[in-house]
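Chemist: Okay, sequence plus prediction incoming.
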Amino acid sequence: LSQYEPGRMMFDICNNDLRSLISDIVKSYDMNEAFKGRGEYRSVSLEYDDNCPSELEFDNLKIEQVINNLIDNSIQYSNECVIHINVRKSDKFITYDAKDWPAIIIEVCDQGVGVEAGEEEIIFEPFTKGSLGNNEDSKGLGLSVCRDIILAHKGQIWVQNNQGEGCTFSIILPLKHPYN
């Protein structure tokens, strides 16, 4: 677990193709028999806005880990698992070191149980699980690791609750990493 402590993760931030990364992730779930064969309707879809650049500066493996974690959480907390991933250029900028950086937004939307009102912030803390979930196997680390990865990219992550109708996890990332 120590490798996930803030400041201990190693990053390889360079130019990568976000559209290809997320497309490959979506395809991997579509081809996964365990994902499709649980009896409920399951799908993962991607809508990548044509006006949104594909080339960004990020750590490919770490962002893949974040997207997979958010999809896996959606699967764990949904009966009928329909997950939509939307990627678009952000209208807002990330301000870092007194400079505004153009950004993109990645949204992972599901139809699960949602997040209890008031728990939108604490679910990102280590060893914390939302009260609406019933996943006994969870250690409550996944969203905390996701947050740490996104913060290391100088981005932000948050959840918008649609209790009873699922939730939307949003990530905003700068197109260019401020230190590259």
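Modeler: Here it is on my side, so go on.
Chemist: distance of Asp59 from Ile150?
Modeler: 11 Å (CB to CB, to the nearest Å). The C-beta positions use only the backbone N, C-alpha and C, and glycine is treated the same way.
Chemist: and what of Cys52?
Modeler: For Cys52 relative to Ile150 (CB to CB), the value is 18 Å.
Chemist: Comparing those two, which residue is more hemmed in?
Modeler: Neighbours per residue (other CB atoms under 10 Å) separate Cys52 from Ile150, with Ile150 holding more: 22 against 18.
Chemist: Okay, buried residues for the strand or helix carrying the more buried one please.
Modeler: Assessed by DSSP states H and E, Ile150 sits inside helix 142-152. Neighbour-count burial for helix 142-152 flags 142-150, 152 (criterion: 16 or more other CB atoms under 10 Å).
Chemist: And for stretch 161-169?
Modeler: 161, 166-169.
Chemist: Strands along the chain, start to end?
Modeler: In the chain, the segments counted as strands under DSSP state E are 14-17, 42-48, 55-58, 81-89, 94-96, 99-101, 103-109, 156-161, 167-174.
Chemist: And the contacts of the first one?
Modeler: Residues outside strand 14-17 that contact it (CB atoms under 8 Å, 6 or more residues apart in numbering) are 54-60, 63, 180.
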